[in-house]
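**Student:** following is a predicted model, sequence given first.
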Amino acid sequence: MNAAKADRAEVSVRVELAEIGSAAVATGLTVLDYLLGELAGQARMKLSVEVAPGAVDAEVAAAGRGLGEGLFTLLRAPGTTGSGFAWLPADEALAGAVLEIAERPLLASNVDFSGQGVGGVGSDVVKGFLGQLAEGAGINVHIRVLEGKDPQNVLRAIFKALGAALGQACRTPERGNP
């Protein structure tokens, strides 16, 4: 079983591949904890994230960076694909995530929640989390939302698709599959 760990003063992260995904998450934001649970389930990873209390933006950025750093080694393990993609729904929302290891990590997305928030988390906070995850993991992440009006469902679809793509990228391809 591969495991990766990133510890620092404000965040502690443990990530490992599993048959069934699970999460023990305490970021201080209930909605982010829930979304990371969705990500872990789709990625088939055991995920543990603890963030020291602080400003919301700092907590979310620390969680994203820490998770990315925790994934860095798994994405580069011998035989893994280092890339992945998935499209998944959450009620009326449909989102896709495509990612690969990159020398110049970035986040590209068509998502705009201007002026909207879910459970105290605004779009700029989610964008910050995903951008920090991409930086920490050393990956290019492209997020596309095809359908969805309810911000909560859109976020769920995004995190589910991202989780599935990460799970694919951190595993060795099955025989007969590229």
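**Tutor:** Nice, thanks for sending it over. Numbering: from 1, shown residues only.
**Student:** show me what residue 147 is bridged to.
**Tutor:** As for beta bridges, residue 147 partners with residue 94 under DSSP bridges.
**Student:** that one: how many residues sit nearby?
**Tutor:** 13 (other Cβ atoms under 10 Å). C-beta coordinates here come from the backbone N, C-alpha and C atoms, glycine included.
**Student:** contacting residues for it?
**Tutor:** Each residue near residue 147 by Cβ atoms under 8 Å, 6 or more residues apart in numbering is listed here: 92, 93, 94.
**Student:** neighbour-wise, which of these leads?
**Tutor:** Per-residue neighbour counts (other Cβ under 10 Å) across the contacts of residue 147 peak at residue 93, which has 22 neighbours.
**Student:** and that residue, how far is that from residue 83?
**Tutor:** Residue 93 sits 24 Å away from residue 83, going by Cβ to Cβ, to the nearest Å.
**Student:** ditto for residue 40
**Tutor:** Residue 40 is 20 Å from residue 83, by Cβ to Cβ.
**Student:** okay, these two: which has more neighbours?
**Tutor:** Neighbour count, other Cβ under 10 Å: between residue 40 and residue 83, residue 40 has more, with 27 against 16.
**Student:** which secondary structure element contains the more buried one?
**Tutor:** helix 30-43 (DSSP states H and E).
**Student:** ok, residue 23 next?
**Tutor:** Per DSSP H and E: residue 23 is located in strand 22-26.
**Student:** next: residue 65.
**Tutor:** Secondary structure assignment for residue 65, by DSSP H and E: helix 56-75.
**Student:** kindly export that helix (C-alpha atoms) in CSV.
**Tutor:** This file holds the C-alpha atoms of helix 56-75, laid out as CSV (Å, rounded to 0.1, in the frame of the first residue of the first chain):
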residue,chain,number,x,y,z
VAL,A,56,-10.9,30.6,6.5
ASP,A,57,-8.8,31.5,3.5
ALA,A,58,-5.6,30.4,5.2
GLU,A,59,-7.2,27.1,6.4
VAL,A,60,-8.5,26.2,3.0
ALA,A,61,-5.3,27.1,1.3
ALA,A,62,-3.3,25.0,3.8
ALA,A,63,-5.6,22.0,3.3
GLY,A,64,-5.3,22.2,-0.5
ARG,A,65,-1.5,22.6,-0.3
GLY,A,66,-1.2,19.8,2.2
LEU,A,67,-3.4,17.4,0.3
GLY,A,68,-1.4,18.2,-2.9
GLU,A,69,1.9,17.5,-1.2
GLY,A,70,0.4,14.3,0.2
LEU,A,71,-0.5,13.2,-3.3
PHE,A,72,2.8,14.2,-4.9
THR,A,73,4.6,10.8,-4.2
LEU,A,74,1.6,8.7,-5.0
LEU,A,75,1.2,10.4,-8.4
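**Student:** cool, thanks, talk later.
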